[in-house]
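Trainee: what follows is a predicted protein model with its sequence.
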Amino acid sequence: MNFFDTIHARYSHKEDFLPDLVPLADLKKIALAGLAAPNGANRQLVRLVMLPDRAALEPLGAVVAHGGLHTAPAAIAVLTTDGTPSGVMCFEKEDYAAATTQMLLAAVALGYASLWLDSPFFDAEREKRAKEILGAPEQYRLWALLPVGKPKGPGSRREKMPVGERLFTGRYGITPPPGDSRPARQ
């Protein structure tokens, strides 16, 4: 699948997964795509925990009540630590978001579905319990879990707003002309 097809094929898979195992080599490719993401000031704050099977995921089921996680054959947890000296700009959120995005795209490129599952960890107690299960050091923040697997069905997709309401040229409100006549970059 080419890069742009991968981008447009990605969706948040919120339904069940097939029980088919995700080979550890594929899970590692997805994780390495996340670690290759851009990061602020090259601090490399993102840490990932691969959860390669149901045995590794089961304990999180008591903490995270999301249907897809209960059937996913694998997942990746995304953690960061601030690690920033006082008075220096922190890029923790940007770093985790870039890593997560690249992993979601890598999963699709390899034929899997996934989901950016972060809302359970907005609750500090739930995040703490999940970090304990993962063995994450206290100073780390658990931002998201990405369930990974083959979708059991087609998965529901939400409609995107029309491009003309979100993409402008030169100035807000000026929509791009249809069919730009300039040659494409090679």
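Mentor: Perfect, thanks for sending it.
Trainee: can you show me the helices along the chain?
Mentor: Assignment of helices within the chain using DSSP state H yields the ranges 3-9, 24-35, 54-61, 67-71, 92-109, 124-134.
Trainee: winner for burial among these?
Mentor: Mean neighbours per residue, mean count of other CB atoms under 10 Å, is largest over these for helix 92-109, with a mean of 21. From N, CA and C alone the C-beta is placed, and that goes for glycine too.
Trainee: what helices or strands is that helix leaning on?
Mentor: With contacts defined as 3 or more CB pairs under 8 Å, 6 or more residues apart in numbering; DSSP states H and E, the secondary structure elements packing on helix 92-109 are helix 3-9, helix 24-35, strand 46-51, strand 74-80, strand 113-114, strand 141-149.
Trainee: pLDDT of the longest one, averaged?
Mentor: Taken as a whole, helix 24-35 has a mean pLDDT of 98.
Trainee: got the angle for it vs strand 74-80?
Mentor: For helix 24-35 against strand 74-80, the angle between stretch directions is 30 degrees (axes from the mean of the first three to the mean of the last three CA atoms, to 10 degrees).
Trainee: and helix 24-35, what other elements does it pack with?
Mentor: In this structure, helix 24-35 packs against strand 46-51, strand 74-80, helix 92-109, strand 141-149, with contacts taken as 3+ CB pairs under 8 Å, 6+ apart.
Trainee: what packs against the second one?
Mentor: Judged by 3+ CB pairs under 8 Å, 6+ apart, the packing partners of strand 74-80 are helix 24-35, strand 46-51, helix 54-61, helix 92-109, helix 124-134, strand 141-149.
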